[in-house]
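Asker: Could you look at this predicted model? Sequence included:
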Amino acid sequence: MEFVTVTRDAGLLTITIDRPEGHNSLNRALRLELRRAFEDAAEQCVVKHDADADADATGTGATDVGPVRAVLLKGGKKVFCTGQDLKEHLVDMNEPSAMDKVDTEYNPMVAALAAIPVPVVAAVNGAAAGAGWSLALNCDFRVAARSASFKAAFPSIGLATDCGISYLLPQLVGPAKALQLLFDDQPVSAEAALELGLVTQVADGDDADEAAEEFARRLASGPTGSYREIKAMVKDAAAMLAVADLEGGAQKRLVNSVDHREAVEAFLNKRAPKFTGR
């Protein structure tokens, strides 16, 4: 894969977003690669029988290939993920089916993440914005660097939320606070996120990778069967995905609005947008 790297060390599988030239923004290739990585991770959480061992002439018998017992999702050292690649999106807006990508790419991507049955930890360095924040919230735990910040970014470009954040955020902070965070659309610092319960831990310094990996390894050495059952009962993936479908409809209604086009052009030209409510 071009923009995603996957490594495995015993029971811990690490997925790293690696598109620094685009600030880890989600272009089509990255969305599809993340979906594939999440789907592969879920498959590796299943105990698989080693067929080669059956034919072992030494008579030692079959062995089990150890499953993935925890997953770590990382971005870069300076940025986690900044959401939709707006340069790509501006081109997409010229097509009538511009927002079909929500149904065909974004929602399947988060569905694949939600389908991972073992604990998933996000290591957040720098900005997690838009769908990048949604990705982090779809993980079970978030370990943030002191440099981390979280921003919805949707109102700033005249769009609705995506990837289930309008379900996940109220679950953590309540509906009123979720609306405030989404409407204000100001960056939430790591310390503020910790106070709100949006992150599990704030690591010392500007790099959360080591602390997040340590936490993920502890989970990978724990009672995996217990964790899987508890996660299945605590997390309602079906409810999140139902809301993500509603978000897709809202995106399609807003993509051709005057405010959205103005916001995208203003962003690319590094000026403040002028919203008219249309």
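Answerer: Received the coordinates, thanks. Numbering: from 1, shown residues only.

Asker: low-scoring pLDDT stretches of the protein, where are they?
Answerer: Low-confidence segments of the chain, defined by pLDDT under 70, are located at 48-65.

Asker: at 90 what do you get?
Answerer: Low-confidence regions of the chain, defined by pLDDT under 90, span residues 47-65, 86-87, 89-99, 157, 205, 255-256, 261, 264-270.

Asker: in it, which spans are strands?
Answerer: 4-9, 12-17, 48-49, 64-65, 70-74, 79-81, 120-124, 127-129, 141-144, 149-151, 188-189, 201-202 (DSSP state E).

Asker: In JSON lines, list those along with mean neighbour count and distance to Leu246.
Answerer: Bear in mind the C-beta positions are built from the backbone N, C-alpha and C, glycine included. Formatted as JSON lines, those follow (neighbours: other CB atoms under 10 Å; distance: least, CB to CB, whole Å):
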{"stretch": "strand 4-9", "mean neighbour count": "14", "distance to Leu246": "28"}
{"stretch": "strand 12-17", "mean neighbour count": "22", "distance to Leu246": "26"}
{"stretch": "strand 48-49", "mean neighbour count": "11", "distance to Leu246": "37"}
{"stretch": "strand 64-65", "mean neighbour count": "12", "distance to Leu246": "40"}
{"stretch": "strand 70-74", "mean neighbour count": "27", "distance to Leu246": "25"}
{"stretch": "strand 79-81", "mean neighbour count": "28", "distance to Leu246": "22"}
{"stretch": "strand 120-124", "mean neighbour count": "29", "distance to Leu246": "24"}
{"stretch": "strand 127-129", "mean neighbour count": "28", "distance to Leu246": "21"}
{"stretch": "strand 141-144", "mean neighbour count": "26", "distance to Leu246": "24"}
{"stretch": "strand 149-151", "mean neighbour count": "23", "distance to Leu246": "22"}
{"stretch": "strand 188-189", "mean neighbour count": "18", "distance to Leu246": "24"}
{"stretch": "strand 201-202", "mean neighbour count": "18", "distance to Leu246": "32"}
